[in-house]
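Student: This is a predicted model, with the sequence first.
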Amino acid sequence: MKVTLINPPSPYLDNDAAYPPIGLLCIAAAMEKRHDVEIVDMTGGNEVDISELRADLFGITCVTPAFSTVKKIVGLLPADVPVVIGGPHPTFLPHDITGIGASAVVGGAEGILGEILADAAHDEMKPVYVGASIPTSVIPTPAYHLVDMAKYEKVAVYSSRGCPFNCAFCSKVWGRAYTPRPIQDVFQEVRQLVSLGFRYIVFGDDDISINPERLMDLMRLVKPLGITFRLNRDARRITERELEVCAEAGCTKISFGIESGSQRMLDAMSKRATVEHNGRAIQLVKEYGVKARAYLMVNFPGETEETVRQTIQFMRETQPDEWMLMAFVPFPGSPVFNDPEKYGINWMSDNWEDYYCVGRGGHSAPCFTTRDLTIEKQAYLHRMLREGLNET
């Protein structure tokens, strides 16, 4: 069977080809021993004549702001060939996918690929496929050979799936169950990327330190490779012992989901960290010669001028090396999206193109309102925080 997997463009981003499409590459790796698989990556300005594509089955990945683009792609594909769409948007809003004449995959696809392929072969596609969990030990290494890796600025390796935390702004395709991959599998993937010429790796796990001893083992394996890398960490859990091992192994940057310098806002977001946790983590990382990167969020329900000033003051006091400011978006599947009234939301946009945290040049498009957070007020607070951060 000929299977074509499509990675749609994301024109709202500064660079939609920053990373290779890991999800599609994993699915391709699971199929390519028995099927003819190709990946069509439309990012990075790659112009593709969709109507000229030929396959027995098309698969597309879809994040929420790309839904309209995906809809257009489906309309250009041969009408007699089945299309299946997976990713965050289908996982939480499968009816959107079935409404455009495609089948939706809810959750991860690897465990149900056999069923999807068999149904496609017999022209008996179901409207919705619910992903089945598989042991992380059988998750294949992404099929990097199916794309031009020289196209991408960075590569991300995921050593686990799932996140046990319950931040109110987050939706989870892989659920809350933390499932680590075997360390040797992760190491072999890193080695493969090194052989492809990558000397800098991003470990994309939401928090790679959930199992501290596992992290230490991975660092010991990676150290002899002589590469540098970035980690995402929970500010509450970081220790000097781990920092020392990570820094010696090549860690040059650690990212923290700081979100806000206001404890009231952190509590509203259901973040378990405190302002003190976040400040200590930034300072500790810098003491070990590792750069600290702060991810910040503005306009979560309850945001005010005072909470924005508290975030600016926090950043002035802690001085992280880098920061990225994101606007809050009530993504499908998140606690806020599922229960908007609880968070005071009285309107949410029905234009999915507005649902992105940070776009070109730091732009955002407010897609919700509360009594106090009007569209105009959100634009004002976003500008106030960005200007304050630029002055720190």
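Tutor: That came through fine. Numbering: from 1, shown residues only.
Student: Every contact and neighbour count from this point should use C-alpha atoms.
Tutor: Will do.
Student: Model confidence for Val83, exactly?
Tutor: As predicted, Val83 sits at a pLDDT of 98.
Student: who's in contact with it?
Tutor: Neighbour list for Val83: Leu57, Phe58, Gly59, Ile60, Val74, Gly101, Ala102, Ser103 [criterion: CA atoms under 8 Å, 6 or more residues apart in numbering].
Student: If we only consider these, which is nearest to Lys223?
Tutor: Closest approach between the contacts of Val83 and Lys223, by CA to CA: Ile60, at 36.6 Å.
Student: what about Thr307, is that helix, strand or coil?
Tutor: Counting by DSSP: H, G, I helix; E, B strand; the rest coil, the backbone at Thr307 sits in helix.
Student: How much space separates it from Tyr380?
Tutor: As judged by CA to CA, to the nearest Å, Thr307 and Tyr380 stand 13 Å apart.
Student: Of those two, which one has the most company?
Tutor: Counted by other CA atoms under 10 Å, Thr307 and Tyr380 do not tie: Thr307 has more neighbours, with 21 against 15.
Student: The more buried one against Ser262, yeah?
Tutor: Yes - Thr307 is in contact with Ser262 according to CA atoms under 8 Å; the separation is 5.5 Å.
Student: How far does the longest helix seen in the chain sit from its chain's centre?
Tutor: In the chain, ranked by residue count with DSSP state H as the criterion, the top helix is helix 375-390. Relative to the mean C-alpha coordinate of its chain, helix 375-390 is positioned 24 Å out (CA atoms, centre = their mean, to the nearest Å).
Student: Only the buried residues of that helix, if you could.
Tutor: If you call a residue buried by 16 or more other CA atoms under 10 Å, then helix 375-390 has these buried ones: Lys377, Gln378, Ala379, Leu381, His382, Met384, Leu385, Arg386, Gly388, Leu389.
Student: Turn these into TSV, including distance to Met216 and pLDDT.
Tutor: What follows is these, written out as TSV (distance: CA to CA, whole Å; pLDDT from 0 to 100):
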residue	distance to Met216	pLDDT
Lys377	45	98
Gln378	42	98
Ala379	43	97
Leu381	41	98
His382	39	98
Met384	41	98
Leu385	37	98
Arg386	36	97
Gly388	38	98
Leu389	34	97
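Student: and which of those residues is nearest Glu341?
Tutor: Distances from Glu341 to those, taken by CA to CA, are shortest for Gln378, at 18.4 Å.
Student: which residues touch the closest one?
Tutor: Contacts for Gln378 (CA under 8 Å, 6+ apart) come out as Asn299, Pro366.
Student: now swap in Arg371 and tell me
Tutor: Contacts of Arg371 (CA under 8 Å, 6+ apart): Gly344, Ile345, Asn346.
Student: Leu13 versus the second one, what's the distance?
Tutor: Separation of Ile345 from Leu13 (CA to CA): 26 Å.
Student: The stretch 201-350 of the chain: helices as residue ranges?
Tutor: For the stretch 201-350 of the chain, the helices defined by DSSP state H, counting those that start in this stretch occupy 212-222, 240-249, 263-268, 275-287, 305-318, 335-338.
Student: which residue sits closest to Glu305, ignoring its sequence neighbours?
Tutor: Leu381 (6.7 Å; CA to CA, 6 or more residues apart in numbering).
Student: ok, the one you found touching Asn299?
Tutor: Yes - Leu381 is within contact range of Asn299, at 7.2 Å (criterion: CA under 8 Å).
Student: Let me see the mean pLDDT of stretch 139-148.
Tutor: Across stretch 139-148, the per-residue pLDDT values average to 95.
Student: for that stretch, which positions count as buried?
Tutor: Buried, per 16+ other CA under 10 Å, within stretch 139-148: Ile139, Pro140, Thr141, Pro142, Ala143, Tyr144, Val147.
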